[in-house]
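Undergrad: structure for this input, please:
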Amino acid sequence: MEIQRSTCVLIPTLNEVGTIEMVIEGFYQNGFEEILVIDGGSTDGTVEIAKKKGAKVVFQKTEGKGNAVREAFKMIDSKFILMIDGDGTYLPEDGGAMMAPLQMGHGHTVGHRFSDMEPGAMTKMNRVGNGLINILFSRVYGEERGDVLSGYHGFRKDVVDQLFLTSSGFGIEMEIAIRCLSNRVSTVVVPIKYRARTGTSAAKLNPIRDGLVIIKTLYSLAQTSRPMFYFGIFGMISLIVGGLLSVYVGIEWLYYSEVHQIVAIISFFFLLFGAQIMALGILSEIVLELHQKRIEWIGEKI
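TA: The predicted model follows:
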């Protein structure tokens, strides 16, 4: 129970009146004493209930879940942080399992919702979307994280301080996964139970709009964490376009004696641009690898 007393439970909320009491009470029953609720402007009584149950309540300054999480991280001084949504879909009873790897020296834990998900807890569209994003993450970043969009996370405070998060909305979970991977933070995937929403709790995430935001986050952060992927997409497209145009020009010249000078010039520029972008991606990968090795060397010396 020692780690529970050194942990701040962080709960971002927005109109969770039907579940917030159950969530807070569940953490008290499981030995957690410090609970911080950061609210995005609830109008249904969520704030009043959270205060009544003894949680510290603060209001976020700017809109969006990502902003709420980043603002709250700066306020917390506890050695450990356990972050959970306030909608009752995650269980406080899993808090101990989420924190155990941190006590053993790991820097980050993420709850795996798909290991024990109640029927109806997630729509088919959300299941497919989550699956595709998890596959995309593992292909781009070369590591399997199980459930990168989970809202249940545990952190050591020193790890949080080095993440440099920038996401303002629902891309925050994806950014956490990418930043931890880029900083080589030891992450443990923890099986958890995921329940269907209860009471008046309503989903805040729009599958299409926020799904695109999450994918955009994955791609934009690849610029500094997987530059070959980031630059390689444009480079490959340019090379393919240039190659197809070159084939067309060659066929027209060989079989019909037609000379398409303008098309040939365009194909040359596409090929040149593609080659330069691919070279930039390779060079960036080398620089990134050298930088990471330098950071590791400095860490060993310290």
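
Undergrad: and the helices in the stretch 51-200 of the chain, which stretches?
TA: 65-75, 95-103, 124-141, 157-160, 172-182 (DSSP state H, counting those that start in this stretch).

Undergrad: same question for the stretch 201-302 of the chain.
TA: Ranges of helices within the stretch 201-302 of the chain are 209-225, 227-256, 261-301, based on DSSP H, counting those that start in this stretch.

Undergrad: circling back to that earlier point, now the helices of the stretch 51-200 of the chain in JSON lines, with mean neighbour count?
TA: Heads up, the C-betas are built off the backbone N, CA and C, glycines and all. Shown next, in JSON lines, are those (neighbours: other C-beta atoms under 10 Å):
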{"stretch": "helix 65-75", "mean neighbour count": "20"}
{"stretch": "helix 95-103", "mean neighbour count": "19"}
{"stretch": "helix 124-141", "mean neighbour count": "15"}
{"stretch": "helix 157-160", "mean neighbour count": "18"}
{"stretch": "helix 172-182", "mean neighbour count": "23"}
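
Undergrad: now the ones you listed in a markdown table, with mean pLDDT and distance to Ser6?
TA: Below are the helices of the stretch 51-200 of the chain laid out as a markdown table (pLDDT from 0 to 100; distance: least, C-beta to C-beta, whole Å):
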| stretch | mean pLDDT | distance to Ser6 |
| --- | --- | --- |
| helix 65-75 | 94 | 16 |
| helix 95-103 | 95 | 9 |
| helix 124-141 | 90 | 31 |
| helix 157-160 | 94 | 9 |
| helix 172-182 | 92 | 20 |
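
Undergrad: could I get the ones you listed in a markdown table, plus columns for distance to Thr43?
TA: Shown next, in a markdown table, are the helices of the stretch 51-200 of the chain (distance: least, C-beta to C-beta, whole Å):
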| stretch | distance to Thr43 |
| --- | --- |
| helix 65-75 | 16 |
| helix 95-103 | 28 |
| helix 124-141 | 26 |
| helix 157-160 | 30 |
| helix 172-182 | 23 |
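
Undergrad: so for Arg5, which of those helices sits nearest?
TA: Among the helices of the stretch 51-200 of the chain, helix 95-103 comes nearest to Arg5, with 10.9 Å by C-beta to C-beta.

Undergrad: which other helices and strands contact the closest one?
TA: For helix 95-103, the elements it packs on are helix 2-5, strand 80-83, strand 108-117, strand 153-156, strand 187-194, judged by 3 or more C-beta pairs under 8 Å, 6 or more residues apart in numbering; DSSP states H and E.

Undergrad: report the backbone C-alpha coordinates of that helix in CSV.
TA: Extracted C-alpha coordinates of helix 95-103, given in CSV (Å, rounded to 0.1, in the frame of the first residue of the first chain):
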residue,chain,number,x,y,z
GLY,A,95,-5.1,0.6,-9.9
GLY,A,96,-2.8,-1.6,-7.8
ALA,A,97,-1.9,-3.7,-10.9
MET,A,98,-1.2,-0.5,-12.8
MET,A,99,1.2,0.8,-10.2
ALA,A,100,3.1,-2.4,-9.4
PRO,A,101,5.5,-2.3,-12.3
LEU,A,102,6.4,1.3,-11.4
GLN,A,103,7.4,0.2,-8.0
